[in-house]
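> Provide a 3D model corresponding to the input given below.
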Amino acid sequence: MRIVLYTGKGGVGKTTMAAAAAVKAASLGHRTLVISTDIAHSLADAFVVPLSNDPTPVGPPGLFAAELDTAEELERYWGDIKRRIAAVLRNAGLEATIAGEMAVIPGLDEILSLVRIKKYFDEAHFDVLIIDSAPTGSAMRLLGAPDLNRWYVKNVLHMAKGITSMIMPMIQSVTRIPVTEKTLQDKVKHLFDEVERLRQIFIDPTLTSVRLVLNPERMAVLETERAFTFFSLYGLSVDALFVNRILPPEVSDPYLETWKESQSAYRQQIAETFSPLPIFEIPLLKQEVAGIAHLEALADLVYKDTDPVKRLSEEQPLRFDLDDGKYTLSLRLIGVHSQEIDLEKCGDELHVKIGKYKRMIALPQYIAGLKPSSASLDEGWLKIVFKDES
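Residues are numbered from 1 along each chain as shown. You can find the predicted model right below:
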């Protein structure tokens, strides 16, 4: 099963690109599920079909769509425990709304969205899972950063233990239903185990591709550069960019001439910055893309004979090389300056901090005993050279 994730700045057309890719995939015979993990769902609007938390057929054979409902997922995985804890808190004098909120571990709704994706992957009912992701993707931060995942496991499990130690006596005094500390701990640990397994799937480029959607505008380009560096830092493979809503040559209105010149300059910048990744350019269409017929036309315009399920680039964001007798770690970065980078080696891990993002990279055994001797930025690559200082 392949996973293809479309993301980008809000309003650039990522939902439409994800929906068109799903239509194209289904037309090529792939059993396809496209899902929205964005809180502000618009996938149903793209297909002009009501959608729910469960896969719904949306027209062509083999094409299904769903909009993940975190409230429903929360009820499915945590409902029993939430109600029992909330009841005790209400009996202790808290208002019902506050009690309900305090009965849910912070961040649990996002985690459950990821667990749902893992469930689809494990069931293997589909050939491809296309994800219309949230614009910035707090869930992706959780998946992408191993150190953040470890922090959540350590601190959330500790918090869960604190909650149970405080309220368990009260629960046991008002109900005969068994709710033990181990029950709560096991529930939380199971969720994070699933997240970690899904993270391993996401960082495998043979299984998962990330595709960035943007408009040829300054803010969108800058956000895309940051997103690319973020995904590279955390090991996710970006295999293509989709530059959407380009004013076509036949638009000759003088009012839009400055816009056309600006777009031309940003298109050139995008091509130079993200080379050698494939870049798909999509013109501004004469009408809104909504419904299967329009999505099919857009898919044919964008992909032509290309299968969107396959990897569109073999470019790797992170690699280890042996060059001239020296081991080098190369990390693909865009829009980053050398003063933003901090490196620290701790045991067999290299801590890389770029701005506000930090990742602990587990070093291969043959490098773990070496020390980083130099680091440089070379045409969009952070190159860290290791040597034996013994």
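
> now do the end-to-end distance for stretch 296-310.
18 Å (C-alpha to C-alpha, to the nearest Å).

> heads up, I number from 515, so please use that
Fine by me, first position is 515 from now on; the one you just mentioned is stretch 810-824.

> list the contacts of that stretch.
Surrounding stretch 810-824, the residues in contact under the criterion C-beta atoms under 8 Å, 6 or more residues apart in numbering are 516, 518, 530-531, 534-535, 537-539, 541-542, 544, 641-642, 756, 794, 796, 799, 803, 826. All C-beta spots, glycine's among them, are computed from the backbone N, C-alpha and C.

> in strands only, show me the residues you listed.
516, 518, 642, 756, 794, 796 (DSSP state E).

> thought the third one was touching T546?
Yes: with contact taken as C-beta atoms under 8 Å, V642 and T546 are classed as touching, separated by 5.3 Å.

> neighbour count: the two, which is higher?
In this view V642 and T546 are compared by other C-beta atoms under 10 Å, and T546 has more residues nearby, 28 against 22.

> thought the more buried one was touching L577?
Yes: under the criterion of C-beta under 8 Å, T546 makes contact with L577 at 5.3 Å.

> show me the common contact partners of the two, please.
Taking C-beta under 8 Å, 6+ apart as the criterion, T546 and L577 both touch 536, 539-540.

> got a winner among these for most neighbours?
For the shared contacts of T546 and L577, counting by other C-beta under 10 Å, the largest number of neighbours falls to A536: 33 neighbours.

> how much space separates that one from F561?
9 Å (C-beta to C-beta, to the nearest Å).

> which stretches of the stretch 665-814 of the chain have low pLDDT?
Per-residue confidence for the stretch 665-814 of the chain (pLDDT under 70) gives these ranges: 665-699, 701-702.

> that older thread, ChimeraX command for the buried members of the contacts of stretch 810-824?
Paste this into ChimeraX to select the buried members of the contacts of stretch 810-824, with burial taken from 16 or more other C-beta atoms under 10 Å:
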select :516,518,530,531,534,535,537,538,539,541,542,544,641,642,756,794,796,803,826
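
> now do the helices in this structure.
With DSSP state H as the criterion, the chain has helices at 528-541, 557-561, 584-605, 610-616, 622-637, 652-658, 660-688, 695-716, 732-747, 771-788, 806-817, 879-882.

> output the contacting helices and strands for the fourth one.
To tie it back to what came earlier, the one meant is helix 610-616. Under the contact criterion of 3 or more C-beta pairs under 8 Å, 6 or more residues apart in numbering; DSSP states H and E, helix 610-616 touches helix 584-605.

> on that earlier part again, so what sits against both of A536 and F561?
Overlap of the contact sets of A536 and F561 (by C-beta under 8 Å, 6+ apart) consists of A579.

> list the contacts for F788?
Contact criterion C-beta under 8 Å, 6+ apart gives 742, 755, 848 as the residues in contact with F788.

> any idea how far the last one is from L557?
Relative to L557, I848 is positioned 29 Å away (criterion: C-beta to C-beta).

> the more surrounded of the two?
Applying other C-beta under 10 Å to I848 and L557 shows that L557 carries more neighbours, namely 24 against 16.

> still on that earlier bit, need the shared contacts of T546 and L577 in JSON lines with pLDDT, can you?
Listed next are the shared contacts of T546 and L577 as JSON lines, based on pLDDT from 0 to 100:
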{"residue": "A536", "pLDDT": "98"}
{"residue": "A539", "pLDDT": "98"}
{"residue": "A540", "pLDDT": "98"}
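
> and these, which is closest to W895?
In terms of C-beta to C-beta, no member of the shared contacts of T546 and L577 lies closer to W895 than A539, at 32.2 Å.

> so what's the closest one closest to, chain neighbours aside?
In space, A539 comes closest to T546 once its chain neighbours are excluded; the distance is 4.5 Å by C-beta to C-beta, 6 or more residues apart in numbering.

> for L798, same thing?
Closest to L798 by C-beta to C-beta, 6+ apart is R759, at 4.5 Å.

> my guess is that neighbour contacts M531. True?
No: taking C-beta under 8 Å as the contact criterion, R759 and M531 are not neighbours in contact, 11.1 Å apart.

> re earlier: so which pair among the ones in strands among the contacts of stretch 810-824 is furthest apart in space?
Set against one another by C-beta to C-beta, those have their most distant pair in R516 and I796, with a gap of 22.1 Å.

> Y817 versus Q777, what's the distance?
In terms of C-beta to C-beta, Q777 sits 22 Å off from Y817.

> whoops, T570 was the one
With distances defined as C-beta to C-beta, the gap from T570 to Y817 amounts to 24 Å.

> identify the residues contacting T738.
Under the criterion of C-beta under 8 Å, 6+ apart, the contact list for T738 reads 522-523, 726, 728, 755, 784.

> likewise S852?
Residues near S852 by C-beta under 8 Å, 6+ apart: 890-891.

> what's the distance between it and P790?
Using C-beta to C-beta, S852 is found at 23 Å from P790.

> with P797 instead?
Separation of P797 from P790 (C-beta to C-beta) stands at 23 Å.

> more neighbours, these two?
A side-by-side neighbour count of P797 and P790, using other C-beta under 10 Å, places P797 first with 15 against 8.

> so what's that one closest to, chain neighbours aside?
Using C-beta to C-beta, 6+ apart and skipping the chain neighbours, the partner closest in space to P797 is P762 (4.4 Å).

> burial measure for that neighbour, as a count.
With other C-beta under 10 Å as criterion, P762 counts 11.
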